[in-house]
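Visitor: I'd like to go over a predicted model; first the sequence, then the structure.
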There are 2 protein chains.
Amino acid sequence: MPLSIGQVAERTGLSVHTLRFYEKEGLFAMPVRRVGGQRVYGDAELDWLYLCTRLRASGMPLPLIREYAALVREGMTTVEARLSLLREHRERVAAQMEELQGCLDLVSRKVAMYEDHLAADGDDPLWTRPPVN
Amino acid sequence: MPLSIGQVAERTGLSVHTLRFYEKEGLFAMPVRRVGGQRVYGDAELDWLYLCTRLRASGMPLPLIREYAALVREGMTTVEARLSLLREHRERVAAQMEELQGCLDLVSRKVAMYEDHLAADGDDPLWTRPPVN
DNA sequence: GCTTGCCCTAGAGCCGACTCTAGGACCTAG
DNA sequence: CTAGGTCCTAGAGTCGGCTCTAGGGCAAGC
């Protein structure tokens, strides 16, 4: 069950470089090492890493993840702080999704316009001028 | 109605720098200039710029927008190419939204966990251990 | 005629997030 | 005992997308 950095890279899809980089950036203070200095990853680390990838994928910048990691390390006294950090992130993600939805709508309208134009075989009715861009 | 770069910057929220940068990157081949060499923007440019911002906001990289711009400039012979480019982008945006939704779900679950923990006043029931991170 | 304010170009700088290189240690198998 | 594979650190490089600087032009108003 204890994994080497290479195995974790394989499982998570992150590169070995990225894992070390994340550690250097303070995403997880994990001085758990084998005798030769090699990193050892267990279930806890994998779980945390999974959370990190989700936070990254939703646009949380590394410094903020580091902050959250620091709070977690601090212990149960930081629960309120963690909660508000997560809530703020949730709001940002929701906003981001709304914006994406707007973009998606626009693109879909454009796709529909082009499809109509092609279906009309260049012979657009008066109320459907060919799309400009 | 013809606007200067500064006015366009004000209206779009993009910086003057960014507008010139976009032009340099080929996002719009617009050599429409006043006598002194100053750029002039009309409705067509504003529309196109709006589309550009939506595409950027949905993660389309500049080179791809440039490619689309080139197709538009090429004329109506490139309609199929534009359509497929837009369709591909639409797919990417949809995928991105799904991923974001997954992240949002995870974050929301974590928020709920922390809220439960706080509501229980540190006295969590057996089936609700305090959250680890 | 000089200041003010907007515009121009070319090019440098910055930031975030990786990504890779150099140089070296350790361990195992042949 | 040496070759291969995986690991280590420190630090440099890359890439995308801006952002800013230096140095200068033009036009209006005092």
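Guide: Looks like it arrived, so ask away.
Visitor: could you use CA atoms for every contact and neighbour count after this?
Guide: Fine.
Visitor: next, the angle from the lengthiest helix in chain A to helix B:79-119.
Guide: Longest helix in chain A, counting residues (DSSP state H): helix A:79-119. Interaxial angle of helix A:79-119 relative to helix B:79-119 (axes from the mean of the first three to the mean of the last three Cα atoms, to 10 degrees): 160 degrees.
Visitor: can you pull the contacts of the most centrally placed residue in chain A?
Guide: Geometric centre of chain A, nearest residue: A:Ala57, 0.8 Å, by Cα atoms, centre = their mean. Taking Cα atoms under 8 Å, 6 or more residues apart in numbering or on different chains, we find A:Ala57 in contact with B:99-100, B:103.
Visitor: keep these, but drop any that are not near chain A.
Guide: The subset of the contacts of A:Ala57 within reach of chain A, by Cα under 8 Å from any Cα of the partner chain, is B:99-100, B:103.
Visitor: surely A:Trp48 and B:Val132 touch.
Guide: No - using Cα atoms under 8 Å, A:Trp48 makes no contact with B:Val132, being 9.3 Å away.
Visitor: near DNA strand D, which residues of chain A show up?
Guide: Residues of chain A lying near DNA strand D by Cα under 7 Å from any atom of the strand: A:4-7, A:20, A:37-39.
Visitor: if we use 10 Å, what do you get?
Guide: By Cα under 10 Å from any atom of the strand, the residues of chain A that approach DNA strand D are A:3-10, A:15-21, A:23-24, A:31-41.
Visitor: among the residues you listed, name the ones in helices.
Guide: Judged by DSSP H, the residues of chain A next to DNA strand D include A:5-10, A:16-21, A:23-24 as members of helices.
Visitor: pLDDT score assigned to the residue of chain A found nearest DNA strand C?
Guide: Going by Cα to the nearest atom of the strand, DNA strand C is nearest to A:Pro61 of chain A, at 3.2 Å. pLDDT, A:Pro61: 98.
Visitor: narrow the residues of chain A next to DNA strand D to just the buried residues.
Guide: For these, a burial check counting by 16 or more other Cα atoms under 10 Å in any protein chain shown picks out A:3-5, A:8-9, A:16, A:19, A:39-41.
Visitor: export those residues as a markdown table, with columns for pLDDT and distance to chain B.
Guide: Below are those laid out as a markdown table (pLDDT from 0 to 100; distance: Cα to the nearest Cα, whole Å):
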| residue | pLDDT | distance to chain B |
| --- | --- | --- |
| A:Leu3 | 92 | 21 |
| A:Ser4 | 93 | 22 |
| A:Ile5 | 93 | 22 |
| A:Val8 | 94 | 20 |
| A:Ala9 | 95 | 20 |
| A:Val16 | 96 | 23 |
| A:Leu19 | 96 | 19 |
| A:Arg39 | 91 | 21 |
| A:Val40 | 92 | 19 |
| A:Tyr41 | 93 | 16 |
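Visitor: who in chain A is up against DNA strand C?
Guide: When proximity is defined as Cα under 10 Å from any atom of the strand, chain A approaches DNA strand C at A:13-22, A:24-25, A:34-38, A:52-53, A:55-66.
Visitor: cutoff 6 Å now
Guide: Residues of chain A found near DNA strand C (Cα under 6 Å from any atom of the strand) are A:17-18, A:21, A:36, A:61-62.
Visitor: format those residues as CSV; extra columns: distance to chain B.
Guide: Listed next are those as CSV, based on distance: Cα to the nearest Cα, whole Å:
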residue, distance to chain B
A:His17, 24
A:Thr18, 20
A:Phe21, 21
A:Gly36, 29
A:Pro61, 14
A:Leu62, 16
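Visitor: need the max-distance pair from those residues.
Guide: Maximum pairwise distance among these (Cα to Cα): 32.3 Å, between A:Gly36 and A:Pro61.
Visitor: low pLDDT regions in chain A?
Guide: Across chain A, the ranges flagged by pLDDT under 70 are A:31, A:122.
Visitor: what sits against A:Thr78?
Guide: A:71-72.
Visitor: next one: A:Leu71 from chain B, what distance?
Guide: Noted for A:Leu71: a distance of 9 Å to chain B, by Cα to the nearest Cα, to the nearest Å.
Visitor: before we move on, what about A:Leu27?
Guide: Applying Cα to the nearest Cα to A:Leu27 and chain B gives a distance of 12 Å.
Visitor: which SS state does the nearest residue to that residue once chain neighbours are set aside fall under?
Guide: With Cα to Cα, 6 or more residues apart in numbering or on different chains as the criterion, A:Leu27 has its nearest non-adjacent residue at 4.8 Å, and that residue is A:Arg66. Of the three states, A:Arg66 takes helix under DSSP: H, G, I helix; E, B strand; the rest coil.
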